[in-house]
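Participant: Got a sequence here, can you model it:
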Amino acid sequence: MAERVLLPTRQSRGAIPSVPALTGIERRAILSIVVVAVVTGILLAITRGGDDALQATFEVVVTALFAGFVISPPATIIAFAASMGLSLLVGSSTEMLLALAVATGFAARTAGTRLLAAYVGLLLVSVAAAVFSAASDQLSTIVIYLLLATVSGGIGLLLRFARSREQRLREELARQTIIEQEVRQSERLLIADELHDVVSRDLTVIVMQSELMSLEAGTVSLHESQVTIRDAARRALRDLHRLVSRVQNERADTSTPESLRVALHEAERDLMRAGFPHSISVADGADELPQIIDTTVARMVRESVTNILKHAAPGPVSVSVDIVDDVVRLHVRSTLGRRRALTPLPSSGYGSIRMRERATLLGGGFDSRREGREWVVTAALPIA
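Facilitator: Numbering: from 1, shown residues only. Alright, predicted model coming up:
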């Protein structure tokens, strides 16, 4: 399966979004504007001469502070607050208010909600200080600066919302991609599961009977092996065709569900042809099992018998299906020993894993283990 990720938290509609990081273009734009403004300020300071050197230097420093929004908005806002205090000493409170008005957009784009609220408070205090210290003919200028701050802050918030929306869309796309990968992986596992269930057993029978044919001398036995191979190959081909058609057409399989009775009958036939002494018993109420339980137990029987044909040593095999206290219990026993040279087939353990998963999903259990010189498979599935 795909790697688990933390999905983005949904935001309340209308709320100020969390601060997305500045893009490379935004960083370069801010720094370029600051550089141009600082150079312009220095040139203006040179043209003014020495009378306004202190005020010109102060204005250049304040202009350079804008670059701090790229590095640390909190430290920059603190620096602007300190500069506002100094502006009262150098007589540049109105000019400082202009800088704060322009910086409102930078703060709206880069500062967190609480920090932005603190900045708005600083702006209002600065307005009050400017009104208090400014001449009456400068009040209209202060009003214009307030309007400029409103427009600047609006632009900053628009950029912030746009960047936040872009980030959410990217996260949503990443999440959707992960979901699609998980769905595809799930489909692959489903196809692998179905292939194992419907084809593995028939191919095992084909290999086993082919090996037997090389050892049989009698024509009757050879004929029986040929019939078995033919029937198993036809079943495998039919099941493969059914599976491929279902995947291609994306519609449910309308074939007859797997039956426990049929699985037991085929198990008895295959064990007999393979030369295993066997006993198979089934409870009387097995014909009335729910379809999903009947199908699951049938697959467990097929898987167990397939493994016996692959790996069991010559010896007795017993298969029993009992119903006790509304629980279906499957017991399969076979002789444990070295893999017979007759059927040198590999084992991945995939079938047992899938059987255990099926049983767990139905609220039951599945186990396969060694007991002395026997390999024992047990399963219990609640009917109700």
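Participant: Helices along the stretch 51-200 of the chain, start to end?
Facilitator: Ranges of helices in the stretch 51-200 of the chain, per DSSP state H, counting those that start in this stretch, are 53-65, 68-71, 73-90, 93-110, 113-133, 139-213.
Participant: Return the most buried member of the ones you listed.
Facilitator: Per-stretch averages of neighbours, counted by mean count of other Cβ atoms under 10 Å, single out helix 93-110 among the helices of the stretch 51-200 of the chain, with a mean of 23. Backbone N, C-alpha and C define where each C-beta goes, glycine included.
Participant: how many degrees apart are that helix and helix 73-90 in direction?
Facilitator: Calculated by axes from the mean of the first three to the mean of the last three Cα atoms, to 10 degrees, helix 93-110 forms an angle of 170 degrees with helix 73-90.
Participant: Show the secondary-structure elements that helix 93-110 is packed against.
Facilitator: Helix 93-110 is packed against helix 53-65, helix 68-71, helix 73-90, helix 113-133, helix 139-213, with contacts defined by 3 or more Cβ pairs under 8 Å, 6 or more residues apart in numbering; DSSP states H and E.
Participant: Tell me which of those helices lies nearest to residue 360.
Facilitator: Proximity to residue 360 (Cβ to Cβ) singles out helix 139-213 among the helices and strands packed on helix 93-110, at 14.2 Å.
Participant: Can you list phi and psi of residue 290 for me?
Facilitator: Backbone torsions of residue 290, given as degrees, to the nearest 10, read phi -60, psi 150.
Participant: quick revisit: can you list the helices of the stretch 51-200 of the chain in a markdown table and add distance to residue 369 and mean pLDDT?
Facilitator: Listed next are those as a markdown table, based on distance: least, Cβ to Cβ, whole Å; pLDDT from 0 to 100:
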| stretch | distance to residue 369 | mean pLDDT |
| --- | --- | --- |
| helix 53-65 | 74 | 78 |
| helix 68-71 | 64 | 84 |
| helix 73-90 | 63 | 79 |
| helix 93-110 | 63 | 81 |
| helix 113-133 | 60 | 81 |
| helix 139-213 | 21 | 76 |
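Participant: With distance to residue 351 as extra columns, can I get those in TSV?
Facilitator: Listed next are those as TSV, based on distance: least, Cβ to Cβ, whole Å:
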stretch	distance to residue 351
helix 53-65	70
helix 68-71	60
helix 73-90	60
helix 93-110	59
helix 113-133	57
helix 139-213	6
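Participant: hmm, back to that, need the helices and strands packed on helix 93-110 in TSV (columns: distance to residue 281).
Facilitator: Output for these, formatted as TSV (distance: least, Cβ to Cβ, whole Å):
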stretch	distance to residue 281
helix 53-65	89
helix 68-71	80
helix 73-90	78
helix 113-133	73
helix 139-213	21
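Participant: Nearest to residue 20 among the ones you listed would be which one?
Facilitator: helix 139-213 (4.4 Å).
Participant: To residue 284, which of the helices of the stretch 51-200 of the chain lies closest?
Facilitator: Closest to residue 284 of the helices of the stretch 51-200 of the chain is helix 139-213 (Cβ to Cβ; 26.4 Å).
Participant: Determine which of the helices and strands packed on helix 93-110 approaches residue 333 most closely.
Facilitator: helix 139-213 (18.8 Å).
Participant: still on that earlier bit, nearest to residue 98, of the helices and strands packed on helix 93-110?
Facilitator: Residue 98 sits nearest to helix 139-213 of all those, at 5.5 Å, using Cβ to Cβ.
Participant: So which of the helices of the stretch 51-200 of the chain is nearest residue 328?
Facilitator: Nearest to residue 328, of all the helices of the stretch 51-200 of the chain, is helix 139-213, at 18.5 Å by Cβ to Cβ.
Participant: mind showing which ranges of the stretch 201-350 of the chain have poor pLDDT?
Facilitator: Along the stretch 201-350 of the chain, the parts satisfying pLDDT under 70 run over 201-205, 207-223, 225-226, 230, 232-258, 337-350.
Participant: can you give me the strands for it?
Facilitator: Secondary structure of the stretch 201-350 of the chain by DSSP state E, counting those that start in this stretch: the strands cover 278-282, 317-324, 327-335.
Participant: Pick the most buried one from the ones you listed.
Facilitator: strand 327-335 (a mean of 20).
Participant: next SSE after that one?
Facilitator: Sequence-wise, the next helix or strand downstream of strand 327-335 (DSSP states H and E) is helix 350-361.
Participant: can you tell which of the helices of the stretch 51-200 of the chain is closest to residue 294?
Facilitator: Shortest distance between residue 294 and the helices of the stretch 51-200 of the chain, using Cβ to Cβ, is found for helix 139-213: 14.6 Å.
Participant: So for residue 381, what pLDDT did the model give?
Facilitator: Here the pLDDT value assigned to residue 381 is 92.
Participant: how much space between it and residue 327?
Facilitator: The gap separating residue 381 from residue 327 is 7 Å, by Cβ to Cβ, to the nearest Å.
Participant: repeat for residue 37
Facilitator: 82 Å.
Participant: now do residue 77
Facilitator: Remark: distance between residue 77 and residue 327 (Cβ to Cβ) = 70 Å.
Participant: Likewise for residue 273?
Facilitator: Residue 273 is 32 Å from residue 327, where distance means Cβ to Cβ.
Participant: do residue 294 as well
Facilitator: Counting by Cβ to Cβ, the gap from residue 294 to residue 327 is 14 Å.
Participant: before we move on, what about residue 261?
Facilitator: For residue 261, the distance to residue 327 equals 19 Å [Cβ to Cβ].
Participant: Nearest to residue 62, out of the strands of the stretch 201-350 of the chain?
Facilitator: Nearest to residue 62 among those is strand 327-335; the distance by Cβ to Cβ comes to 81.7 Å.
Participant: Report the backbone C-alpha coordinates of that closest one in PDB.
Facilitator: This file holds the C-alpha atoms of strand 327-335, laid out as PDB (Å, rounded to 0.1, in the frame of the first residue of the first chain):
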ATOM      1  CA  VAL A 327     -19.900 -22.100  14.200                       C
ATOM      2  CA  VAL A 328     -18.500 -23.900  11.100                       C
ATOM      3  CA  ARG A 329     -15.300 -25.700  12.000                       C
ATOM      4  CA  LEU A 330     -12.900 -27.000   9.300                       C
ATOM      5  CA  HIS A 331     -10.200 -29.500  10.200                       C
ATOM      6  CA  VAL A 332      -7.600 -30.800   7.600                       C
ATOM      7  CA  ARG A 333      -4.800 -33.200   8.600                       C
ATOM      8  CA  SER A 334      -2.000 -34.500   6.400                       C
ATOM      9  CA  THR A 335       1.300 -36.300   6.900                       C
END
